[in-house]
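Engineer: Please find the sequence and the predicted model below.
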Amino acid sequence: MSRTYNFSAGPAVLPEEVLRQAQSELLEWNGARASVMEVSHRGKAFIALAEEAERDLRELLAVPDGYKVLFLQGGASQHFAQIALNFARGAKADYVLTGDWSEKAAKEAKPWAQVQIAASAADTNHDRIPPRAQWQLDPDAAYLHITPNETIRGVEFHEIPEAGAVPLIGDVSSTILSRPLEVSRYGLLYAGAQKNIGPSGLVVMIVREDLLERCPKDIPKIFNYAEHAAQGSMLNTPNTWGWYLAGLVFKWVKAQGGVAAMAQRNRAKAELLYGYIDQSGYYRNPVEVFARSWMNVPFTLPREELDAPFLKQAEAAGLLALKGHRLVGGMRASIYNAMPLEGVQALVAFMRDFAQRNP
């Protein structure tokens, strides 16, 4: 076996214990004499799995009463448009732009909502969170949308902004389960699974029940969140494999000590990597210190011609997927929940050695 440390931004590393359990149950799951991918999603066995996964997620995030938890198909990008269609059709909606994903969310919403840019850090190349005092929020907006963590540029909110009476919507694809989350501060949270939950193709949504009353009745049911909620996420055949793996990941997070324990680990990993970058005098992180992401750490080398040998030698050393996003270049280490501290320690050791060999 040649598994190594995988720093991919997504689809991302999964806990090895989860993968081994899935491997052992692949041909026959839960005494069903068939794979979990081969049994009916409406059968008692799968319904029990789905209900247990929801209970575990609610426990991990302390989801309060009055919220529905949905397990939907697609990726977060699909829901950029679908959220506007459901909750701001023709109405005003505020967006705070902190990077490429929040920009894309606003762009995809424009056919369905009157998108208003409440704040943006584009003028500083998205290296920070726009100061809250400068936000131009509309009290009549249908919602305020933020992207708490931007995976491409490595910018992160470390506090939940106050939205007043306007429902706050957050794309938590890359931060969910990485630390405690005050769900009650949000009207809606949504997350593509492929960072901290499981495989791609699954989206988890936590939505306040009163917001579902806004969903238009004249849109196709498959796009209507209220219809999905009414059917327990079984309006159509769900991503059963993704739901199953998500349930295993929830169990794994609980076994690690829950989201509070994950927060301690993730903070330690981030502090180790940023600490070395800052003192190295060789590598550079472009993000304002107080907006740095715990999950995605971009960095550059002194000269662009060093990028290719760095990546080649890193891969040979068992450190995979460190190439930065094509929009920004450089390097990026994604250090989600399933990345152990030992992986970050190995990366720092390699970075130190490379710097010494390539002054």
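Structural biologist: Nice, I can see it.

Engineer: what does the average pLDDT come to for the helix or strand containing residue 345?
Structural biologist: Assigned by DSSP states H and E, residue 345 falls within helix 341-357. Averaged over helix 341-357, pLDDT sits at 98.

Engineer: ok, the residue nearest to residue 167 when sequence neighbours are not counted - contacts?
Structural biologist: Leaving aside its sequence neighbours, residue 167 sits nearest to residue 187 (C-beta to C-beta, 6 or more residues apart in numbering; 2.8 Å). Glycine gets a C-beta too; all of them are placed from N, C-alpha and C. By C-beta atoms under 8 Å, 6 or more residues apart in numbering, the contact set of residue 187 is 143, 167-169, 207-208, 211.

Engineer: and those, which of them are in strands?
Structural biologist: 168-169, 207-208 (DSSP state E).

Engineer: Assign a three-state SS to the nearest residue to residue 183 once chain neighbours are set aside, would you?
Structural biologist: Closest residue in space to residue 183, ignoring its immediate chain neighbours: residue 63 at 5.2 Å, by C-beta to C-beta, 6+ apart. Put simply, residue 63 is coil when judged by DSSP: H, G, I helix; E, B strand; the rest coil.

Engineer: Any regions of this structure where pLDDT drops low?
Structural biologist: Scanning the chain for pLDDT under 70 picks out 1.

Engineer: can you give me the strands in it?
Structural biologist: Under DSSP E, the chain gives strands at 5-6, 67-73, 92-97, 114-120, 144-146, 149-150, 155-156, 168-171, 188-192, 202-208, 296-299, 319-320, 331-334.

Engineer: how close does the residue nearest to residue 167 get to residue 204?
Structural biologist: Distance, residue 187 to residue 204, using C-beta to C-beta, to the nearest Å: 16 Å.

Engineer: same thing with residue 316?
Structural biologist: Taking C-beta to C-beta as the measure, residue 316 falls 36 Å from residue 204.

Engineer: which one of those two has more residues nearby?
Structural biologist: The neighbour comparison of residue 316 against residue 204 (other C-beta atoms under 10 Å) goes to residue 204, with 27 against 9.

Engineer: hey, what's that one bridged with?
Structural biologist: residue 71, residue 191 (DSSP bridges).

Engineer: In contact with residue 120, which residues are there?
Structural biologist: Contacts of residue 120 by C-beta under 8 Å, 6+ apart are 96-98, 130.

Engineer: Pick the one among these closest to residue 295.
Structural biologist: residue 98 (13.8 Å; C-beta to C-beta).

Engineer: Surely residue 102 is in contact with residue 108?
Structural biologist: No. When contacts are counted by C-beta atoms under 8 Å, residue 102 is not listed as touching residue 108 (10.9 Å).

Engineer: neighbour-wise, which of these two wins?
Structural biologist: The residue with more neighbours, out of residue 102 and residue 108, is residue 102; 24 against 19, by other C-beta under 10 Å.

Engineer: what sits against the more buried one?
Structural biologist: 95-96, 145-147, 150, 171.

Engineer: now do 6 Å
Structural biologist: For residue 102, the contacting residues are residue 147, by C-beta atoms under 6 Å, 6 or more residues apart in numbering.

Engineer: How about the one 3 residues further on?
Structural biologist: Contacts for residue 105 (C-beta under 6 Å, 6+ apart) come out as residue 80.

Engineer: If we use 7 Å, what do you get?
Structural biologist: By C-beta atoms under 7 Å, 6 or more residues apart in numbering, the residues touching residue 105 are 80, 95, 145, 147, 171.

Engineer: Check residue 152 too.
Structural biologist: Counted by C-beta under 7 Å, 6+ apart, residue 152 has contacts 99-101, 325, 327-328.

Engineer: Also residue 196?
Structural biologist: 176-178, 336-337.

Engineer: cool, and residue 216?
Structural biologist: So, once contact is read as C-beta under 7 Å, 6+ apart, residue 216 ends up touching residue 89.

Engineer: at 10 Å what do you get?
Structural biologist: Contacts for residue 216 (C-beta atoms under 10 Å, 6 or more residues apart in numbering) come out as 85-87, 89-90, 223-224, 226.

Engineer: List only those of the residues you listed flagged as buried.
Structural biologist: Buried by 16 or more other C-beta atoms under 10 Å: 85-87, 89, 224, 226, out of the contacts of residue 216.
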